[in-house]
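Q: Next come a sequence and a model predicted from it.
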Amino acid sequence: MQNRYKVGIMTLGCKVNLYESEALSERLAKLGADAVPADGHCDGYIVNTCTVTAEADRKSRQMIRRLHQRDPHAPIVVTGCTVQTSPEQLSQIDGVVAVCGNAEKLRCADLIMDALSSGLPDSPLVSVPSLDGAGFEKMSLTAFPRTRVYVKIEDGCENRCSYCAIPGARGPVRSKNPDDVIAEIIGFCRAGCREIVLTGIETASYGRDLDGVTLGGLLRKVDSVCGDCRIRLGSLDPSLFRQSFVDEIRGLSSLAPHFHISLQSGSSHILAGMRRKYNADGARAAMDRIREAIPGVLFTTDVIVGFPGETEEDFEETKRFLADAKFLNAHIFPYSRRRGTPAAAFPDQVPEDIKHRRAAELSAIQHGIRLDLLNSIIASGGTHEVLFETFDEGRAVGHSASFLEVSVPSAQNLHGKTFPVRLTSTDGGLVFGEIVE
């Protein structure tokens, strides 16, 4: 009996890529191969790339070369956003037998199996069809290897932010049929999953391409079928949180009181240059509406510093916004100039040293904000339901519904179980507590 092929999957970038890689794993299993992490020797590889920054592009290329150096006879199939924007460049890297665009990711499993069973082709296959007119690629998952599972509900983005290359790599908005979303969630809940994250390239645009379908309507349907399973949402544009949407989600029992707001800047001047759909006051108002509707809600965010034309006063406005907003966490990174985007040609490009100085300064400020916020939550008392995910050296770690990362002493692995926890202290990162019997 022939041994099953081992195919290593390397995933870079966002949670949508992670979901798609897991769908590829299930497809490989149906074709008779075992999908494994790409950190050991494998018969072949699939690399799922990211192009959100220049550094992400570089890491994608670097990873392909490293895999080839380690296993020079193993075929490599490459997919993802870097493929969609630079297919010929990636196809010329040694070891690559095929590059496959974002419209047909599941095909990668078939391509790698063909290369493994039939031998390496004379030249790499380049299959990157246009995303214009593409539908939502039908894929779903049946297994969840972690406590928290991601469900992709949307692909594509039409916001056309001036700094972003993703619309060109992901195409127009395509939404998953709501009945398919509900069926996937019911399957996970019946299998014992305790937390599901609904994610997409622009999750807030879900339903825009479907008649009579909205994100709020989907969440209400999900709430009716998911039992005691938590539901989270992926990154969201603040403009989503109009009063009508907030009223729709108010009172949903399954919706976790935590939202990741894609802020990008606290300066209205910079937000206008970024071509975002809101200004600083609009983002503040959106957060205020959510806080009024969902007591105890916490927010995380993304912030870009050093966008072209960002002055010291603009940066001060962002600092003040973070101080007022009291984010639980902020992913802060320097602006990355992306070829082909409008912002790449803007005047007043900010020098790299100033970008990195501002990123470091804002990160230090956010650390203090987080520490103060955590201490205030601890001082308020009460208990928090924590879903435990990991266990090491007598401590179990998990997340509360509001996304506090909590560590408790435990004599046993509590993976996948939920317990009420009284919070006692914090080191600025983890929150420490004790299970309430």
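A: Perfect, I can see it now. Numbers count the residues shown, from 1 in each chain.
Q: now the helices for the stretch 201-350 of the chain?
A: 215-225, 243-249, 268-274, 280-293, 312-325 (DSSP state H, counting those that start in this stretch).
Q: now these in TSV, with distance to Phe432 and mean pLDDT?
A: All C-beta atoms are positioned from the backbone trio N, CA, C, and that covers glycine. Listed next are those as TSV, based on distance: least, C-beta to C-beta, whole Å; pLDDT from 0 to 100:
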stretch	distance to Phe432	mean pLDDT
helix 215-225	32	97
helix 243-249	31	97
helix 268-274	37	98
helix 280-293	26	98
helix 312-325	25	98
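Q: Can you say which of those is packed in most?
A: Across these, averaging neighbours per residue (mean count of other C-beta atoms under 10 Å) puts helix 268-274 on top, at a mean of 20.
Q: any chance of the helices of the stretch 201-350 of the chain in CSV, plus distance to Ser140?
A: Listed next are those as CSV, based on distance: least, C-beta to C-beta, whole Å:
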stretch, distance to Ser140
helix 215-225, 15
helix 243-249, 24
helix 268-274, 34
helix 280-293, 30
helix 312-325, 36
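Q: And the pLDDT at Gly227?
A: Gly227 carries a pLDDT value of 88.
Q: And for it, the neighbour number?
A: 12 (other C-beta atoms under 10 Å).
Q: Run through the residues that contact it.
A: Cys189, Ser254 (C-beta atoms under 8 Å, 6 or more residues apart in numbering).
Q: nearest to Lys6, of the helices of the stretch 201-350 of the chain?
A: Of all the helices of the stretch 201-350 of the chain, helix 215-225 sits nearest to Lys6, with 36.0 Å by C-beta to C-beta.
Q: tell me what the closest one is packed against?
A: helix 178-190, strand 195-200, strand 230-233, helix 243-249 (3 or more C-beta pairs under 8 Å, 6 or more residues apart in numbering; DSSP states H and E).
Q: ok, Met274 to Gly266 distance?
A: 12 Å (C-beta to C-beta, to the nearest Å).
Q: what ranges do the strands span in the stretch 1-150 of the chain?
A: Using DSSP state E, counting those that start in this stretch, the strands found in the stretch 1-150 of the chain span residues 5-11, 33-37, 44-49, 76-80, 96-100, 125-127, 148-155.
Q: How much space separates the closest residue to Asp180 other than its chain neighbours from Glu20?
A: Of all residues not flanking Asp180 in the chain, Ser140 sits nearest, at 6.7 Å (C-beta to C-beta, 6 or more residues apart in numbering). The gap separating Ser140 from Glu20 is 11 Å, by C-beta to C-beta.
Q: Those two: which has the busier surroundings?
A: Glu20 (26 against 15).
Q: Between the helices of the stretch 201-350 of the chain, which one is closest to Ser123.
A: Per C-beta to C-beta, nearest to Ser123 of those: helix 268-274, 40.9 Å.
Q: what's the residue nearest to Ala283 when sequence neighbours are not counted in contact with, if anything?
A: Take Ala283 and drop its neighbours on the chain: the residue closest to it by C-beta to C-beta, 6+ apart is Pro238, 4.3 Å away. Neighbouring residues of Pro238 by C-beta under 8 Å, 6+ apart: Ile261, Ser262, Leu263, Tyr278, Gly282, Ala283, Ala286, Met287.
Q: tell me which of these is nearest to Ala360?
A: Closest to Ala360, out of all of the contacts of Pro238 and judged by C-beta to C-beta, is Leu263, at 18.6 Å.
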